[in-house]
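Engineer: Turn this into a model:
(one chain, ligands or ions: 1)
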Amino acid sequence: MPRQNHKLLIISLKNFKHALKLKAIIPTDFEEDSDNMLEDLSVHIMGYSYDREWREDPNAAPIDTEVNMKRNQYHADIVVVLTGREYNVLGRIYGVAGLVDYHNTYQPELGFCIVDVRGALGRRKTFIHEVGHLLGLYHDDQENRYGKGYFFEAGGLFGKKDRITIMHKIGDLRRRIKHFSNPDVEFKDEPTGTGSPGAIGERNSARKLRESGCIVAGFRQDPGPSFSVSMDFTPCCSFFVSPGDIRTYIVHGSHGQMPYQYEWKVSNDGFNYGSVLSTTNKLTYDYHSSQEGDILFIKVEGISADGQTDQIVFPQEVFSF
Ligand SMILES: [Zn+2]
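Structural biologist: Okay, here's the model as predicted:
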């Protein structure tokens, strides 16, 4: 049966001083291709062939997939792809994440996960669970890792209940509480983590998050401010000119990649502009043929070497003092 093209969302998160910052929510053409979420993650998002060799060779250049390209476009450190209704998740997994391991290697190319919206929130909280994996966290049964989930009991003397933290594997229908494991934080009078720092079997996702945050924040660099054109003076303060005046206007570009290019044009109505009068950052304009009452619109368009554009338009009214 052909699969329908559902409306899917891609969410990019930007790590910013140990807080996750949402960069963009954008549609994607990604389709659930198989019932195997992990295969779709590796083949159709990360761009690796699904023979598991990519795990052994993290330097292998991935194919540019659409999701990959959008991640780079938005400078997102990690990406969550939200899927709709195609995966048969009942009794199965609700999300998969790149197996990012910050103990040994630096693997920004694995910073992707898929989360089925049916398990994203609620008792499973799969959204934050998968993001936890992208930040280097592990399940309870993975040994010698301190960034693990924690299974514990809490709830008073006679009402103790099993509690599982965000990174606990949810093989059954237990409800994940809204906590990563952390020996210093309690839930119903019981600590949500265990073990002293560095001890084998330590369950302390919080410590791991503090350490991996700055690593993940470096996966993609912020693009910085965009190219802009500004003038030496505020045009409204020099709104009037007199017939016969000769005025020189100067602009400066900032940010973006140098060198900058400019085009100056003049219009009588603000819509139709004449030919290019200058291609430098300076225009000297002679008002000798202008009449009192004329309004001229001066426009300068700038473009940076990396293709960013900006422009300024300002009016000049001809007036005899
Ligand atoms: Zn997991």
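Engineer: hey, where'd the helices end up in the protein?
Structural biologist: If you assign secondary structure with DSSP state H, the helices in the chain sit at 37-40, 53-56, 66-73, 117-120, 126-134, 205-217.
Engineer: Kindly reformat these as JSON lines containing mean neighbour count, mean pLDDT and distance to residue 299.
Structural biologist: The C-beta positions use only the backbone N, C-alpha and C, and glycine is treated the same way. As requested, the helices of the chain are arranged in JSON lines below (neighbours: other CB atoms under 10 Å; pLDDT from 0 to 100; distance: least, CB to CB, whole Å):
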{"stretch": "helix 37-40", "mean neighbour count": "19", "mean pLDDT": "84", "distance to residue 299": "49"}
{"stretch": "helix 53-56", "mean neighbour count": "13", "mean pLDDT": "51", "distance to residue 299": "51"}
{"stretch": "helix 66-73", "mean neighbour count": "16", "mean pLDDT": "84", "distance to residue 299": "29"}
{"stretch": "helix 117-120", "mean neighbour count": "18", "mean pLDDT": "85", "distance to residue 299": "47"}
{"stretch": "helix 126-134", "mean neighbour count": "23", "mean pLDDT": "92", "distance to residue 299": "46"}
{"stretch": "helix 205-217", "mean neighbour count": "19", "mean pLDDT": "85", "distance to residue 299": "40"}
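Engineer: is it possible to export those helices to a markdown table including distance to residue 194?
Structural biologist: Formatted as a markdown table, the entries for the helices of the chain read as follows, by distance: least, CB to CB, whole Å:
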| stretch | distance to residue 194 |
| --- | --- |
| helix 37-40 | 30 |
| helix 53-56 | 30 |
| helix 66-73 | 36 |
| helix 117-120 | 27 |
| helix 126-134 | 17 |
| helix 205-217 | 12 |
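Engineer: nearest to residue 312, of these?
Structural biologist: Among the helices of the chain, helix 66-73 comes nearest to residue 312, with 27.0 Å by CB to CB.
Engineer: Distance from that closest one to the middle of the chain?
Structural biologist: When distances are taken as CA atoms, centre = their mean, to the nearest Å, helix 66-73 is centred 10 Å away from the chain's centroid.
Engineer: re the thing from before, how about the helices of the chain, which one is nearest residue 180?
Structural biologist: Closest among those, using CB to CB: helix 205-217, at 3.7 Å.
Engineer: Taking helix 126-134 as reference, get the angle to that closest one.
Structural biologist: Computed by axes from the mean of the first three to the mean of the last three CA atoms, to 10 degrees, the angle separating helix 205-217 from helix 126-134 equals 70 degrees.
Engineer: So residue 242 is in contact with residue 291, correct?
Structural biologist: No: Residue 242 is beyond contact range of residue 291, at 11.2 Å (criterion: CB atoms under 8 Å).
Engineer: so which of the helices of the chain gets nearest residue 313?
Structural biologist: When the helices of the chain are compared for distance to residue 313 using CB to CB, the nearest one is helix 66-73, at 28.9 Å.
Engineer: would you put the C-alpha positions of that closest one in CSV?
Structural biologist: Listed next in CSV are the C-alpha coordinates belonging to helix 66-73 (Å, rounded to 0.1, in the frame of the first residue of the first chain):
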residue,chain,number,x,y,z
GLU,A,66,16.5,17.2,3.0
VAL,A,67,16.5,17.2,6.8
ASN,A,68,20.3,17.4,6.8
MET,A,69,20.2,20.5,4.6
LYS,A,70,17.6,22.2,6.7
ARG,A,71,19.5,21.5,9.8
ASN,A,72,22.5,23.3,8.3
GLN,A,73,20.3,26.1,6.9
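Engineer: And the helices of the chain: which comes nearest residue 283?
Structural biologist: Once the helices of the chain are compared by CB to CB, helix 66-73 is nearest, at 34.6 Å.
Engineer: Other residues contacting that closest one?
Structural biologist: 10, 12, 26, 28-30, 44-47, 62, 79, 81, 111-112, 220 (CB atoms under 8 Å, 6 or more residues apart in numbering).
Engineer: quick one: which of those is nearest residue 182?
Structural biologist: Within the contacts of helix 66-73, distances to residue 182 taken as CB to CB reach their minimum at residue 111, with 23.5 Å.
Engineer: quick one, which of residue 242 and residue 291 is more surrounded?
Structural biologist: A direct count of neighbours by other CB atoms under 10 Å for residue 242 and residue 291 places residue 242 higher, at 13 against 9.
Engineer: What's opposite residue 113 in the beta bridge?
Structural biologist: Residue 113 has these beta-bridge partners by DSSP bridges: residue 80, residue 97.
Engineer: Which residue comes closest to residue 294 once chain neighbours are left out?
Structural biologist: Nearest-residue entry for residue 294: residue 318, 4.3 Å, with adjacent residues in sequence omitted and distances by CB to CB, 6 or more residues apart in numbering.
Engineer: show me the contacts for the one you found.
Structural biologist: Counting by CB under 8 Å, 6+ apart, residue 318 makes contact with 240, 241, 242, 243, 287, 290, 291, 292, 293, 294, 295, 296.
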